[in-house]
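Trainee: sequence first, then the predicted structure, then my questions.
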Amino acid sequence: MASVDIVNVKKSFDRAEILRGVSVAIEDGEFVVLVGPSGCGKSTLLRMIAGLESVTGGEIRIGGDVVNDLQPRDRDIAMVFQNYALYPHMTVADNMAFSLKLRGVARPEIDARVKRAAEILGLTGYLARKPRHLSGGQRQRVAMGRAIVRDPRVFLFDEPLSNLDAKLRVAMRSEIKDLHQRLKTTMIYVTHDQIEAMTMADRIVVMREGAVEQIGGPLELYDAPSNLFVAGFIGSPAMNMLKGRLETGARTGFSAENGIFVPLPANAAPDGLVGRPLVLGIRPEHLRIAHEPSNGFEVVARIVEPTGSETQVTATAKGAEIISLFRERQAIRQGDAFSLEPILGHLFDATSGDRLATISI
Amino acid sequence: MKKNVVHEILFYLVVIFISLMVLFPFLWMLSSSFKTQTDIIAWPPKLLFTPTLQNYEKVFGEQDFLKYFINSTVVGGLAVGLSLVLGLPAAYSISRFTQRRLALFILLARLMPGISFLMPWYIIFSRLDLMDTYVALVLSHMLIALPIVVWIMSAYFNSIPVELEESAMVDGATRQYAFWAIILPMSGPGIITSVTLSFIFSWNNFMFSQVLSMEKTKTLPIAVYNFVSYAEVDWGGVMAAAVAIMAPAIVLTMIFQKFVVKGLTMGAVKG
Amino acid sequence: MRQPSFVERHLRVIFPLPAILFIALLMIFPIFYTLALSFTNWNLTSGMPMSFVGLRNFFRVFAEPRFHDAVWRTLSFTFLAVFFEAVLGTAIALILNRAFIGKGLAKLLLLLPLVATPVAVGIVFNLFYDPTIGLANWALSSLGLPQGLWVSDATSVLPSLVIVDVWQWTPMITLIVLAGLAGLSEEPFEAARVDGATPWQVLRHVTIPMVMPVILTAVILRLIDALKTFDIIFAMTGGGPGYASETLNIMGFKYSFEYFRMGQASVILIALFFFVLLCSLGIMKLRSSSEN
């Protein structure tokens, strides 16, 4: 087990800059998820930690030692790949034993470790099979088994669940989390799926275009996104965004460019922000139906999608699309006009995108 | 419905016609090899005749056929084996480090007319006293086998995900060990394709052996060719010799049909 | 902490190096040797010392009618053979491109000419073409046509050789086009049928355009090999009767290994080399344009 320190790490291929100075301090035993849209550099960063890509600038330390110039085999890490990378000509047992054999571990010790890993992952009955005779979920487990027999200092996962179907993905999600609780080894996990990130991580690193946007616990990112990008990326359905300005005086509220006026209580509007170009962000679940129409803004329901546990309503207001999500059942039907009021919103600077204030009503 | 039946019958007639066009030289060769000289020169050509083995007895008895057979096998086997040794790492390197110029360089050996290096070889091998040796023949046949191995195997390696080596490297292997212990053991189909194809091309090669070999290392195609020159009129014997030389290549092809088709067509299809 | 070994750091050089050295030694060096010889008057049998003669070999060879004929013959043999192979090969592929009983067998049969030893093929066709006992003349006479002399006559020798090449290599085009057709996705064909195209229109406007790149590559591969045709010509006619079937490859072979006039032989080889190079450039161009 070990901490992983990523200090101002840079990477360029030819002239293209993939990582532009990324710093993350990962504590011993932590489960950290790197998340971001494709091309943000998260996989490259993971591969640099593994030693599969060279480091253009900065420093990567595992357990305090700089590993920049170490070969992958000398870093004492294990990695689970997106396509599992199982060795097709070896049995499940041989797949798991391969790394131990390379390290010259004694045969009885290898057998014991493989047996233990197989038990943890429910693979005991499949040890003699070749990978091509396994289902997707079983292959996934073998890939993890190959990692855990090693008892490495750090586990790396590169989108390990993206080849599985939705149901299996949810099951494996909790299995990996469970595994982490059991092994207490540092794990670094790359995904483009923010739900995976939210459900699994101790801490999430949100990346975009080769830079870190925000680092924090799942709820921290959800409750206090540091900028528009994180706000839009975390949470599903995505946060509603309205461009406009705060108004005080005759009426207090947020006046959007498209004409929507979101009334706010007089004490809720932070003083220093009045008149500046802003973006108001409201999560769908932070909208509720205003029984007093003057407290809200009017929308027309376009699509109503009940799932039983909740109801998602996509509505339009002056050309803008507003999504709201209700836990309680609503009698809204397509074409109905009604008013929505926010219970929580975030104000972002329209040019820099930084979050300036959070207002709760 | 009726139109369909007619259509089907027509289709199968065409297929049978095509097959006969492809087959007739083989059939003619085979039947002539079992004919006596009298039956062969009969006019009109005889379709029904009493088969005889005398041509085969003559070919295998009077000629040093076994020796030539062994020569062909040794030269082809060594050339293909050594080409694998040189070609597999090169193909791996081309595939994994995307060395396109290197691929073209090796492809050049497949494209250039053999005679443009045969003449200098003749001079150089004569000077080095290597004429009529296995060394000269194997080296020349390697120039046939190596491009085939590299061409087929680099395409094959491209189809293997690079994560397999990366995984092995994370597991503690060096890249060269990953190539040896992970990539090669799973490259069976590609290796079969390249070995079959390059062996057949070496087996069939005429020009290199014609110049570089004499009595000691003579290969089968030369023996068959000489047989014609010496025994101009003994058609039965010549046909028996032709059957003997084609048989191994054809048997190999039948066993590895799938692989041979893949090897012959992939260059053009993969683009 | 271990440092990566020398081998590991330089793998991309070390792995291909033996193959590169081999090809440089056995191909590139000899080609330059040939080039150098073309400027000398070297004759292996005369025992005279080699001397530099500048471009004299080029003038001599280029002025020779025998050389002009060989160039012309090489090009017409190649063009005729590849033309028929392309047309027949594509047509057969289009016919066979459906499910039918015995398809596997048919594909195996198509493979046989490709792996048959060319020298032996040539000899079998010599028996076939034999004017007095051959099947060819028997077939002509039973159809009531006049008999021919085939490879024994200067006017018919080249077409007769073309027939052999077409027999041996048409299946190559067929197999390549079949593989290309198998790689096409079904949707455009279904879409065309839904749009009301007749089978003929589908063939003309969908199938052939889609498989065209594959046909072109196959044709260029064949062009390169047809230019270099040696075995069947050498085995069947040795370039005769007279010089009537002497292509550049045969002429170069004779100058090298029968007359031992190495300097002039080099000029002939360079000429052949040039035509092959032109076709090779074609294939590379095609490749890069299909990649974009």
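Mentor: Nice, I can see it.
Trainee: and the helices in the stretch 151-271 of chain B, which stretches?
Mentor: Here the stretch 151-271 of chain B has its helices, by DSSP state H, counting those that start in this stretch, at B:163-170, B:175-178, B:188-204, B:207-212, B:220-230, B:235-255, B:257-270.
Trainee: need the ones you listed in CSV (columns: distance to chain C).
Mentor: C-beta: built from backbone N, CA, C; applies to glycine. Below are the helices of the stretch 151-271 of chain B laid out as CSV (distance: least, CB to the nearest CB, whole Å):
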stretch, distance to chain C
helix B:163-170, 10
helix B:175-178, 6
helix B:188-204, 4
helix B:207-212, 5
helix B:220-230, 5
helix B:235-255, 4
helix B:257-270, 4
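Trainee: can I get stretch C:141-154 as CSV, trimmed to CA atoms?
Mentor: What follows is stretch C:141-154, C-alpha atoms only, in CSV (Å, rounded to 0.1, in the frame of the first residue of the first chain):
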residue,chain,number,x,y,z
SER,C,141,-10.7,-30.0,-85.0
SER,C,142,-13.7,-31.5,-83.3
LEU,C,143,-15.3,-28.1,-83.5
GLY,C,144,-14.5,-28.0,-87.1
LEU,C,145,-11.9,-25.3,-86.8
PRO,C,146,-8.4,-25.3,-88.4
GLN,C,147,-5.7,-26.5,-86.1
GLY,C,148,-3.0,-24.2,-84.8
LEU,C,149,0.7,-24.4,-83.9
TRP,C,150,0.3,-22.7,-80.6
VAL,C,151,3.6,-22.1,-78.9
SER,C,152,5.5,-23.4,-81.8
ASP,C,153,4.5,-20.5,-84.0
ALA,C,154,5.8,-16.9,-83.7
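Trainee: got the contact list for that stretch?
Mentor: Outside stretch C:141-154, the residues that touch it by CB atoms under 8 Å, 6 or more residues apart in numbering or on different chains are B:44, C:126, C:129-131, C:134, C:136-137, C:140, C:156-157, C:160-161, C:236-237, C:241-242, C:244-245.
Trainee: ok, now stretch B:168-183?
Mentor: Contact with stretch B:168-183 is made by A:50-52, A:71-73, A:75, A:77-79, A:87, A:98-99, A:102-103, A:146, A:150, A:156, B:89, B:92, B:157, B:160, B:164-165, C:5, C:7-8, C:11, C:15, as judged by CB under 8 Å, 6+ apart.
Trainee: filter the contacts of stretch C:141-154 down to the buried ones and express that as a ChimeraX selection.
Mentor: Selecting only the buried entries of the contacts of stretch C:141-154 in ChimeraX, with 16 or more other CB atoms under 10 Å in any protein chain shown as the criterion:
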select /C:126,129,130,134,136,137,157,160,161,236,237,244,245
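Trainee: got the buried residues for stretch B:12-21?
Mentor: Here stretch B:12-21 shows B:Val15, B:Ile18 as buried, counting by 16+ other CB under 10 Å.
Trainee: close to chain B: what parts of chain A are there?
Mentor: For chain A, the contact set with chain B under CB under 8 Å from any CB of the partner chain comprises A:50-52, A:71-73, A:75, A:77-79, A:81-83, A:85, A:87-89, A:98-99, A:102-103, A:146, A:150, A:156.
Trainee: quick one, which of these are buried?
Mentor: Buried members of the residues of chain A next to chain B, counted by 16+ other CB under 10 Å: A:50-52, A:71-73, A:75, A:77-79, A:81-83, A:85, A:87, A:89, A:98-99, A:102, A:146, A:150, A:156.
Trainee: so which of those residues are also by chain C?
Mentor: Contacts with chain C within these, as defined by CB under 8 Å from any CB: A:Gln71.
Trainee: circling back to that earlier point, out of the contacts of stretch B:168-183, which sit inside helices?
Mentor: A:50, A:98-99, A:102, A:146, B:89, B:92, B:157, B:164-165, C:7-8, C:11 (DSSP state H).
Trainee: which one of these is nearest to B:His7?
Mentor: Closest to B:His7 out of the ones in helices among the contacts of stretch B:168-183 is B:Phe157 (45.1 Å), distances taken as CB to CB.
Trainee: got the contact list for that closest one?
Mentor: Neighbour list for B:Phe157: B:Ala91, B:Tyr92, B:Ile94, B:Ser95, B:Arg96, B:Ile183, B:Ser187, B:Gly190 [criterion: CB under 8 Å, 6+ apart].
Trainee: what's the spacing between the closest residue in space to the last one that isn't next to it in sequence and B:Arg110?
Mentor: What that stands for is B:Gly190. Once flanking residues are discounted, B:Gly190 sits nearest to B:Tyr156: 3.1 Å by CB to CB, 6 or more residues apart in numbering or on different chains. Look at B:Tyr156 and B:Arg110: by CB to CB, to the nearest Å, they are 17 Å apart.
Trainee: hang on, the earlier thing: can you lay out the helices of the stretch 151-271 of chain B as a markdown table showing mean neighbour count?
Mentor: Listed next are these as a markdown table, based on neighbours: other CB atoms under 10 Å in any protein chain shown:
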| stretch | mean neighbour count |
| --- | --- |
| helix B:163-170 | 24 |
| helix B:175-178 | 20 |
| helix B:188-204 | 23 |
| helix B:207-212 | 24 |
| helix B:220-230 | 21 |
| helix B:235-255 | 21 |
| helix B:257-270 | 20 |
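Trainee: okay, those in TSV with distance to B:Lys3 and mean pLDDT next?
Mentor: Shown next, in TSV, are these (distance: least, CB to CB, whole Å; pLDDT from 0 to 100):
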stretch	distance to B:Lys3	mean pLDDT
helix B:163-170	54	92
helix B:175-178	60	91
helix B:188-204	43	92
helix B:207-212	53	90
helix B:220-230	50	81
helix B:235-255	38	89
helix B:257-270	34	76
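Trainee: between those, which one is closest to C:Val61.
Mentor: helix B:207-212 (20.9 Å).
Trainee: what's that closest one in contact with?
Mentor: By CB under 8 Å, 6+ apart, helix B:207-212 touches B:75, B:114-115, B:118, B:121-122, B:125, B:131-132, B:136-137, B:140-141, B:144, B:217-219, B:221-222, B:225, C:230-231, C:234, C:253, C:257.
Trainee: return the alpha-carbon coordinates of that helix using CSV.
Mentor: This file holds the C-alpha atoms of helix B:207-212, laid out as CSV (Å, rounded to 0.1, in the frame of the first residue of the first chain):
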residue,chain,number,x,y,z
MET,B,207,14.6,-19.0,-61.2
PHE,B,208,16.9,-18.8,-58.1
SER,B,209,17.5,-22.5,-58.0
GLN,B,210,18.1,-22.7,-61.7
VAL,B,211,21.0,-20.3,-61.4
LEU,B,212,22.4,-21.0,-58.0
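Trainee: now stretch A:176-192: average pLDDT?
Mentor: Mean pLDDT, stretch A:176-192: 92.
Trainee: end-to-end on that stretch?
Mentor: This stretch, stretch A:176-192, spans 17 Å end to end (CA to CA, to the nearest Å).
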